[in-house]
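Q: need a 3D model of the following:
(2 chains)
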Amino acid sequence: MKLDLDPEYEAFRADVSETLTKNRHLAPTSEDKGYKNARRIAWQKLLIEHGLAARTIPKAYGGYGGEADILKARIIAEEFARSRVPGPMQGQGISMLVPTLLELGTEAQKQAYIRPTIEGEMIWCQGYSEPGAGSDLAALRTSAVEDGDHYVINGSKIWTSTAKQADMIFCLVRTDPAAKKHEGITYITFPMSTPGIEVRPLVDMTGSANFNEVFFTNVRVPKSGVIYQPNKGWQVANATLTHERGMLGDPNATKARFLELVTLMKTESVNGQPLIANPLLRDRLMRLQAEVYAMQANGLRITTSRLKGEQAGIAGLIVKLNGCDLNHEIARLAIDALGELGILYEDGDHLRADGSWQWRYMYDLGLIIGGGTAQIQKNIIAERGLNMPREPKLAKA
Amino acid sequence: MEFALSEDQRMLQDSLKGVLAGAASLDQVRKIAVGDSDAIRMLEAALDDFGLASLLVPEAAGGLGLGLLDACLVQESLGYHVAPSRFLASALAAVALAGHPGLLGGEAKFGLAATELVSRRDGAGLALKAGKLTGTSLLAISAAGATHLLAADTKGGVHVVDAGAAQIAPMQTIDRTRMFHHVTLDGAKVLASAKADDRFLAIARLLVAADTLGAAQAMIDKAVAYAAERQQFGRVIGSFQAVKHMCAEMAAKLEPGRALIWHAAHALDIGDAEGPVMANLAKAYMAEAGTFIARTATEVHGGMGFTDLVGLHYWFKRIGVNRQLFGSPEQARETAAQLQGLVA
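A: I've put the predicted structure just below:
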């Protein structure tokens, strides 16, 4: 057990901290809205140049070209959080497509897509879920029929975030309807400007459209957009789904929210007393703190496993389930602590924390469901973590 | 950075579990629970041979000089096997009496009368007057067979007295494997004194959390094994999602508790200021997780879980007792809040 870092890493931390301090005046502000905002793109390029974004992506594709180093990645994330300087761009192109291309893409695909994606000039959306294929993703039915050196795509996708803004989509389509369900799927990329694509915003319980539905009618796309090989899309997608599940439930993000809740309960008063003076609310706060600390320690354990190149086992499998639930519970306590004022939403005058606690309480419920539902997570924990038997397949009717 | 057990720590735990698999098998535990003196002596001798009494005693004083993380691993193993042991009392004596190494070496066997540090009932409590302790203490730990008692006064101090000066009477709890006593002292001479500070209470709570961790892990292991064997509707019940999800929920609750205990123990070992907060949170966390797991693992066993036949109730009761020892989860959380300056 050793939690302090070697001097080499402490020096690295100091460097990162200095770079952020020196350049923070160039960072985008709340004024710099929207994708492809010039200031945001310039900031992203600056971060890449200093190795604070796209750190391990080779120079040839526009990255920093650094060695993979889990501790350095962790230090960078911690320093952004601590300094409150806006961090690198995120998005499904950067977090999911780029790692997939690096692993399985052709040289031409890497050359064409990685640089503009990591620099924020090319926005991607992900076409996985369908109305009839949610938890059972491999049941997807959007079809791609060969026509010379093209496919013709028909069907629809749902839960597609950033579909309106996206230049490109990476998409799972059924290319062999006769094959077993996992074996007839292809992972393909194409421009969202291709004729025959319609995007409809999907308004959710928060009142905004955080997701979309996407409809394909005779969409003709070149075969050169296939990643890896036709009918091998399930393996390609699985490589990236692990990236997504790792992102949901990050314990450091949860801790940051917990600290906001502590601040709220210390500063907001009812009947002349700060909320934290109420022993019932304080007990609930400490209960959440125990869970936040436990998930942070669990995260340290996972980092150590990764450093040693070992599987993290159950500690790794529970992150999405526990982390998303904990975020939701933190928002719930914030609302309860605020009491009557906790029900306000989009009311400028009396709102606390911009109404974000109610927004989070609703949005976080979406995250408990999205990215693999809580129930699917429990199946995974039981089957992979505890070696329990799979549900027997129903006999075909 | 390395947040993991060392090779030595894994070996310590493996070899102790090896000892306990024999001397604290379920058959032996059943005998211990009805007061079979051969079974009790056999377990005591096995743990004495292992050197548990001197685990936290500094090497200079003839002990093993190990740390709190090691102590947590030992306590976890004891909980896993629902094994009664003087270890908790010895470990806390070693913590409190670090300034009196002479008392810790040799053949000293410590009992602990410290319930009143956390909760003092009307009429209970030990008063210190002119170097002598007088009064009663409830639910003392490992008082039978002790040579010395570490006893708390009503003002936050702990004192060593000769166990021969104490009148002890059993207090029967739900947990028949571990003995608790009502202790009466009448002007018992104090041999040494120390302060029962935040760190002392934090360590007491952390060790109990580790005990629950072991007991709860054993219950999960038993539930998963039972679910893989028991058949209903032509399938093993572990293939039903209703059962699988109960097991997944238990594992998802327990595993972060393990990491929190490691972190708290390490923080206390290196003198990190957050150590006592983490330890109190760990006690509260494991009390809640343990209660959930004790109930859920029993339910996975169906009606059999409720019987004496499978013996699951020994673990259920161990966890139930641990939840209250050195304070309820509510008390541990309030301590954590106080330590962070969150209580006005």
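
Q: all contacts plus neighbour counts: C-alpha atoms, from now on.
A: Fine.

Q: show me which residues of the stretch 251-397 of chain A sit near chain B.
A: For the stretch 251-397 of chain A, the residues in contact with chain B (CA under 8 Å from any CA of the partner chain) are A:276-277, A:282-283, A:286-287, A:289-291, A:293-295, A:297-298, A:300-301, A:304, A:314-315, A:318, A:322, A:375, A:378-379, A:381-382, A:386, A:388-392.

Q: of those residues, which belong to strands?
A: Using DSSP state E, no member of these sits in strands.

Q: ignoring the adjacent residues along the chain, who's closest to A:Asp4?
A: Among residues not flanking A:Asp4 along the chain, B:Met1 sits closest, at 5.9 Å (CA to CA, 6 or more residues apart in numbering or on different chains).

Q: separation between the one you found and A:Gly134?
A: Applying CA to CA, to the nearest Å, the value for B:Met1 to A:Gly134 is 39 Å.

Q: so the two - more neighbours on which side?
A: Neighbour comparison, B:Met1 and A:Gly134: the larger count goes to A:Gly134, with 18 against 15 (by other CA atoms under 10 Å in any protein chain shown).

Q: for that one, give me phi and psi.
A: Here is the backbone geometry of A:Gly134 (degrees, to the nearest 10): phi -100, psi -100.

Q: next one: B:Leu312 from B:Ser25, what distance?
A: Relative to B:Ser25, and taking CA to CA, B:Leu312 is found at 13 Å.

Q: between these two, which has more neighbouring residues?
A: Applying other CA under 10 Å to B:Leu312 and B:Ser25 shows that B:Leu312 carries more neighbours, namely 22 against 15.

Q: and the helices in chain A?
A: For chain A, the helices defined by DSSP state H cover A:7-23, A:38-49, A:70-83, A:92, A:98-104, A:107-118, A:233-247, A:251-267, A:279-307, A:314-317, A:319-338, A:356-369, A:374-380.

Q: and what of the stretch 201-344 of chain B?
A: Ranges of helices in the stretch 201-344 of chain B, per DSSP state H, counting those that start in this stretch, are B:241-269, B:275-300, B:303-306, B:313-324, B:329-339.

Q: how much does the second one deviate in direction from helix B:313-324?
A: Relative orientation of helix B:275-300 and helix B:313-324, computed by axes from the mean of the first three to the mean of the last three CA atoms, to 10 degrees: 150 degrees.

Q: buried set for helix B:275-300?
A: The neighbour-count criterion (16 or more other CA atoms under 10 Å in any protein chain shown) identifies B:275-294, B:296-300 as the buried residues of helix B:275-300.

Q: chain center to that helix, what's the gap?
A: Here helix B:275-300 is found 13 Å from its chain centre; the criterion is CA atoms, centre = their mean, to the nearest Å.

Q: same thing with the last one?
A: In terms of CA atoms, centre = their mean, the centre of helix B:329-339 is set 19 Å apart from its chain centre.

Q: the first one now?
A: Its chain's average C-alpha position is 17 Å from that of helix B:241-269, according to CA atoms, centre = their mean.

Q: so what does the lengthiest strand in chain A touch, helix or strand wise?
A: When chain A is parsed with DSSP E, its longest strand is strand A:211-222. On a contact count with 3 or more CA pairs under 8 Å, 6 or more residues apart in numbering or on different chains; DSSP states H and E, strand A:211-222 meets strand A:150-158, strand A:197-202.

Q: could I get those as a markdown table with distance to B:Arg41?
A: Formatted as a markdown table, those follow (distance: least, CA to CA, whole Å):
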| stretch | distance to B:Arg41 |
| --- | --- |
| strand A:150-158 | 67 |
| strand A:197-202 | 70 |
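
Q: ranking those by burial, who's on top?
A: Neighbour counts (mean count of other CA atoms under 10 Å in any protein chain shown) averaged over each of those peak at strand A:150-158, with a mean of 21.

Q: okay, angle between that one and strand A:211-222 too, please.
A: 180 degrees.

Q: what comes into contact with strand A:150-158?
A: With CA atoms under 8 Å, 6 or more residues apart in numbering or on different chains as the test, strand A:150-158 has contacts from A:127-131, A:141-146, A:173, A:211-223.

Q: tell me how chain B divides into domains.
A: The record's domain parsing of chain B by automatic domain parsing lists B:7-195, B:198-339.

Q: out of those domains, which gets nearest to A:Gly196?
A: Closest to A:Gly196 of the domains of chain B is domain B:198-339 (CA to CA; 41.4 Å).

Q: buried ones among the residues of the stretch 251-397 of chain A next to chain B?
A: Buried members of those, scored by 16+ other CA under 10 Å, are A:276-277, A:282-283, A:286-287, A:289-291, A:293-295, A:297-298, A:300-301, A:304, A:314-315, A:318, A:322, A:375, A:378-379, A:381-382, A:386, A:388-390.

Q: show me the beta-bridge partners of the residue lying closest to A:Pro131 once chain neighbours are set aside.
A: Distance criterion CA to CA, 6+ apart; nearest residue to A:Pro131, sequence neighbours excluded, is A:Ile158 at 6.3 Å. A:Ile158 has these beta-bridge partners by DSSP bridges: A:Glu213.

Q: for B:Leu191, see how far away B:Pro256 is.
A: According to CA to CA, B:Pro256 and B:Leu191 sit 41 Å apart.

Q: neighbour count winner among these two?
A: A direct count of neighbours by other CA under 10 Å for B:Pro256 and B:Leu191 places B:Pro256 higher, at 31 against 14.

Q: hmm, A:Met295 and that one touching each other?
A: Yes: at 5.6 Å, B:Pro256 and A:Met295 qualify as touching, with contact defined as CA atoms under 8 Å.
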